[in-house]
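Student: I would like the atomic coordinates for the input below:
(one chain, ligands or ions: 2)
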Amino acid sequence: MAEDVLRVEGISTRFFTEQGQVNAVEDLDLRIERGEVFGIVGESGSGKSVTARSVMDLIDSPGRITEGAIRYRDADLAAAVREDHPEAVDGEFVDLLSVPEAVRRSLRGSSFSMIFQDPMSSFNPSLTVGEQLAEAAEVQRRASANPRSTRARTTSAEYSLGSYALSTLMPSKRYVSSESRDRAVELLEMVGIPDPAKRAEEYPHEYSGGMLQRAMIAQALAGEPDVLIADEPTTALDVTIQAQILDLLADLQAETDMTILLITHNLGVVARMCDRVGVMYAGEIVERGTLGDVFDDHVHPYTEGLLGSVPDLQGAAGRLEPIPGNVPSLLDHEMGDRCYFADRCPKAMEECLSHPPEYDAEGSGEHQVRCVLAETEYDEARALPDGYFEDGNGSTGAVDSERPEHDAAEEPEPEVEGR
Ligand SMILES: Nc1ncnc2c1ncn2[C@@H]1O[C@H](COP(=O)(O)OP(=O)(O)OP(=O)(O)O)[C@@H](O)[C@H]1O
Ligand code: NI
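Tutor: Ligands and ions are numbered 1, 2, ... in the order given. Next comes the predicted model:
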């Protein structure tokens, strides 16, 4: 087994909005091994992007990571910050939430880099694509003469405010070397943009959506990141190009031993790309494991629902068919204490009115599931009656979680088997 490169421990990310507190990510754990592709899959609104942005330290007001640790393994970094921030260091791991922002930012590009859902958001409209790629490459070039080494970056001087300003506020052109400009063209070529030297001179708005998506991938790869977070990297593209981009990512991953956290709606993409996968619902990972665990031995009815609607690989552009019902709002006062999927779950039972922990499940040693079915057989005698949640039960935080409120006495006897 490869060593862990990232350990996300119990992070909660909340947005404090006028409507109330949104628990977008709740007490989430994640362990990612060096060189693997870890997938996060789930419906829209389940917290995938917020998870990614939390790891990248890109949560803006009114949002905040309120709890947890994000431990990144980098022995040189650990050595460099140990003296000033001993509490942040655990062996070779550094908790990115316990070091100053300047240190976190210095890791962007060369340690962590992200491909966003919306390509336009990662480009400055007033600079050419080539200039922006050159800047991204320049950060890496400065960081280290040897692309896979962190040594140059982790001398203590590198964490001074001066270098911070240089790497994040670096104005265009003037500071960019001709090597970096050449590298920009090379990167565009690598992601399959025709006539790259000419396209490098163009502005983002002159690119089509698919081309811009490619350019963004080039930008994310410019720093030769240790960990690449790819949030729906191919959703906007047509099927043929999606396949090409996924192949490209897989090739680059294999060549560089890059670690990828891949976020997608599409289980076909997971099957094609990932080593392990976490299924996300309502801000939590509800089932995780190897592909075998999740595709063949899944326990959670939500996973089952996603699989029931898995688009085939050809139709990779297709989004998952919706499972009946809606993803919860994640507003704290509406969440209650139950299993968050219970209101949509065909197998919801009385047990599901308290929030399930993660249970170990059969399969690989990695298989875990946040569902009572991991240790209890489904029993119709304890099934919640149809429409239970529509009557307002169990959907608000105000509900007394000790005992279901519904008239248990009047519940019809479960129908005799054979239904
Ligand atoms: N800036 C914000 N302010 C308030 N709520 C937010 C903000 N950003 C995200 N959220 C909420 O956090 C929850 C999770 O959103 P997130 O974008 O992570 O979902 P997702 O799984 O990435 O969905 P999609 O597949 O549509 O991208 C949603 O309920 C969303 O409304
Ligand atoms: Ni998203």
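Student: tell me the helix or strand right after the top helix by length along the chain.
Tutor: The longest helix of the chain (DSSP state H) is helix 239-256. Counting by DSSP states H and E, the next helix or strand C-terminal to helix 239-256 is strand 259-264.
Student: run through who's touching that next one.
Tutor: Outside strand 259-264, the residues that touch it by CB atoms under 8 Å, 6 or more residues apart in numbering are 5-6, 32-41, 48-49, 51-52, 55, 226-233, 235, 249, 253, 269-270, 273-274. C-beta here means a position set from N, CA and C on the backbone, and glycine is covered the same way.
Student: of these, list those near ligand 2.
Tutor: When contact is defined as CB under 5 Å from the ion, the contacts of strand 259-264 meet ligand 2 at 48, 49.
Student: tell me which entries of the contacts of strand 259-264 lie within helices.
Tutor: 48, 49, 51, 52, 55, 249, 253, 269, 270, 273.
Student: so how far is residue 119 from residue 211?
Tutor: 9 Å (CB to CB, to the nearest Å).
Student: do the same with residue 109
Tutor: 17 Å.
Student: would you list every one of the helices in the stretch 251-400 of the chain?
Tutor: 267-273, 291-296, 301-308, 332-335 (DSSP state H, counting those that start in this stretch).
Student: is any residue of the first one near ligand 1?
Tutor: Meaning helix 267-273. No: using CB under 6 Å from any ligand atom, helix 267-273 never reaches ligand 1; the gap is at least 12.8 Å.
Student: could you list every helix and strand in contact with that helix?
Tutor: strand 37-41, helix 239-256, strand 259-264, helix 291-296 (3 or more CB pairs under 8 Å, 6 or more residues apart in numbering; DSSP states H and E).
Student: do the same with the third one
Tutor: Using 3+ CB pairs under 8 Å, 6+ apart as the contact criterion, the neighbours of helix 301-308 among helices and strands are strand 276-281, strand 284-290.
Student: ok, of the helices and strands packed on helix 267-273, where does mean pLDDT dip lowest?
Tutor: Mean pLDDT is lowest for helix 239-256 among the helices and strands packed on helix 267-273, at a mean of 83.
Student: then that helix to CSV, C-alphas only?
Tutor: Taking Å, rounded to 0.1, in the frame of the first residue of the first chain, the C-alpha atoms of helix 239-256 are listed here in CSV:
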residue,chain,number,x,y,z
VAL,A,239,-18.1,12.9,-25.2
THR,A,240,-15.1,12.3,-27.4
ILE,A,241,-13.2,15.2,-25.9
GLN,A,242,-14.2,14.0,-22.4
ALA,A,243,-12.6,10.6,-23.1
GLN,A,244,-9.5,12.3,-24.4
ILE,A,245,-9.2,14.5,-21.4
LEU,A,246,-9.7,11.6,-19.0
ASP,A,247,-7.0,9.6,-20.9
LEU,A,248,-4.7,12.6,-20.7
LEU,A,249,-5.2,12.9,-17.0
ALA,A,250,-4.6,9.2,-16.5
ASP,A,251,-1.4,9.4,-18.6
LEU,A,252,-0.1,12.3,-16.7
GLN,A,253,-1.0,10.7,-13.4
ALA,A,254,0.9,7.5,-14.4
GLU,A,255,3.9,9.5,-15.6
THR,A,256,4.3,11.8,-12.7
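Student: begin at 24, not 1, for the rest of this chat.
Tutor: Will do, 24 is the new start, and the previous item becomes helix 262-279.
Student: ok, and what's touching that helix?
Tutor: For helix 262-279, the external contacting residues (CB under 8 Å, 6+ apart) are 58, 60, 171, 213-215, 233, 236-237, 240, 244, 247, 251, 253, 256-257, 260, 281, 283, 285, 292, 295-296, 337-340.
Student: can you list the strands that the helix or strand containing residue 90 pairs with?
Tutor: If you go by DSSP H and E, residue 90 is part of strand 86-96. Using DSSP bridges, the strands paired with strand 86-96 in its sheet are strand 27-40 (antiparallel), strand 116-118 (antiparallel).
Student: does ligand 1 sit close to the first one?
Tutor: The one in question is strand 27-40. Yes: applying CB under 6 Å from any ligand atom, one finds strand 27-40 touching ligand 1 at 38, 40.
Student: so that strand versus helix 71-78, what angle?
Tutor: Angle, strand 27-40 to helix 71-78, by axes from the mean of the first three to the mean of the last three CA atoms, to 10 degrees: 110 degrees.
Student: next, count neighbours for the residue in the stretch 274-423 of the chain that ligand 1 sits nearest to.
Tutor: Closest approach between the stretch 274-423 of the chain and ligand 1, counting by CB to the nearest ligand atom: residue 353, at 4.4 Å. Using other CB atoms under 10 Å, residue 353 has 23 neighbouring residues.
Student: contact residues of the stretch 24-173 of the chain facing ligand 1?
Tutor: Applying CB under 6 Å from any ligand atom, we find that the stretch 24-173 of the chain lies next to ligand 1 at 38, 40, 45, 47, 65, 67-73, 86, 140.
Student: circling back: mean pLDDT lowest where, among the helices of the stretch 274-423 of the chain?
Tutor: Here the lowest mean pLDDT among these goes to helix 355-358, at a mean of 86.
Student: distance from that helix to the middle of the chain?
Tutor: Averaging C-alpha positions (CA atoms, centre = their mean, to the nearest Å) puts helix 355-358 23 Å from its chain's average.
Student: packing partners of it?
Tutor: Helices and strands touching helix 355-358, by 3+ CB pairs under 8 Å, 6+ apart, are strand 43-56.
Student: for the strand it packs on, buried residues please.
Tutor: For strand 43-56, the neighbour count (16 or more other CB atoms under 10 Å) marks 44, 45, 46, 47, 48, 49, 51, 52, 53, 54, 55, 56 as buried.
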